[in-house]
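Peer 1: Attaching a predicted model along with its sequence, questions to come.
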There are 2 protein chains.
Amino acid sequence: MLIIITYDVSTVSAAGRKRLRRVAKVCESMGQRVQNSVFECRVDQMQLEMLERRLLDEIDPAQDCLRLYRLTEPVDLHIKEYGKFRAVDFEGTLIV
Amino acid sequence: MLIIITYDVSTVSAAGRKRLRRVAKVCESMGQRVQNSVFECRVDQMQLEMLERRLLDEIDPAQDCLRLYRLTEPVDLHIKEYGKFRAVDFEGTLIV
């Protein structure tokens, strides 16, 4: 399944900036960054649970905000993108 | 249908900051801000087309990035939120 992760982490303090870096790192390990605070991760149910657990370990729920959206397949029908960035197609053929 | 709108608008120039304000204004007119650059908009097909047209009028495709995700109903099953913000439930009873 394809999960969209968006987050707002409070960066007024050094601890907040550290949390932001750590949240980004977790997301990067499981998917691709498509915008500044938006990631797309293709995961199965077990990976999703692990991802959620790791993210919840990093954020401060009193200050930060984390949202996960699950897209229905086929995801092509549910995503539109405009502008300078084109995300990697996980399903497509990789040409090296 | 529920549409998630995410955008990155380049704010290095005054023109970019103006575009960012205008994109946010279009999104606010059609939905609710759930994070800094993330909006949830409940729209029908005609409203979606209008929303897309208005957003495309505002962004600079060479510098900015806009993504629209369409969630499948029931959306409760496709959204998880953690942390300090709780989005308004469009479907729920409004208690004043």
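Peer 2: Done, it's in. Numbering: from 1, shown residues only, chains lettered A, B, ... in the order given.
Peer 1: Which strands or helices does the strand or helix carrying A:Ala24 pack on?
Peer 2: The secondary structure element spanning A:Ala24 is helix A:14-30 (assigned by DSSP states H and E). For helix A:14-30, the contact count by 3 or more CB pairs under 8 Å, 6 or more residues apart in numbering or on different chains; DSSP states H and E identifies strand A:38-42, helix A:45-58 as packing neighbours. For every residue, glycine as well, the C-beta is placed using N, CA and C.
Peer 1: who's in contact with the helix or strand that that helix is followed by?
Peer 2: Counting by DSSP H and E, the next helix or strand C-terminal to helix A:14-30 is strand A:32-35. When contacts are defined by CB atoms under 8 Å, 6 or more residues apart in numbering or on different chains, strand A:32-35 is touched by residues A:24, A:27, A:39-41, A:81, A:85, A:87-88, B:6-8, B:37, B:65, B:67.
Peer 1: Please list only the buried members of the residues you listed.
Peer 2: Neighbour-count burial (16 or more other CB atoms under 10 Å in any protein chain shown) applied to those gives A:24, A:27, A:39-41, A:81, A:87, B:6-8, B:37, B:65, B:67.
Peer 1: And the residues you listed, which is the shakiest by pLDDT?
Peer 2: Lowest pLDDT among the buried ones among the contacts of strand A:32-35: A:Ala87, with 66.
Peer 1: Contacts for the helix holding A:Ala24, please.
Peer 2: The contact list for helix A:14-30, computed with CB under 8 Å, 6+ apart, reads A:5, A:7, A:9-11, A:33, A:39, A:41, A:43, A:47, A:51, A:54-55, A:58-60, A:63-64, A:66.
Peer 1: The residue nearest the centre of chain A bridge partners, please.
Peer 2: Nearest to the mean C-alpha position of chain A, by CA atoms, centre = their mean, lies A:Phe39 at 2.9 Å. Taking DSSP bridges as the rule, A:Phe39 bridges to A:Ile5, A:Arg33.
Peer 1: Settle this for me: it is touching A:Leu51, isn't it.
Peer 2: No - contact criterion CB atoms under 8 Å: A:Phe39 and A:Leu51 do not qualify, at 9.8 Å.
Peer 1: Which residues of chain A lie near chain B?
Peer 2: Contact residues (CB under 8 Å from any CB of the partner chain) of chain A with chain B: A:4, A:6-8, A:34-38, A:52, A:55-56, A:59-72, A:77-85.
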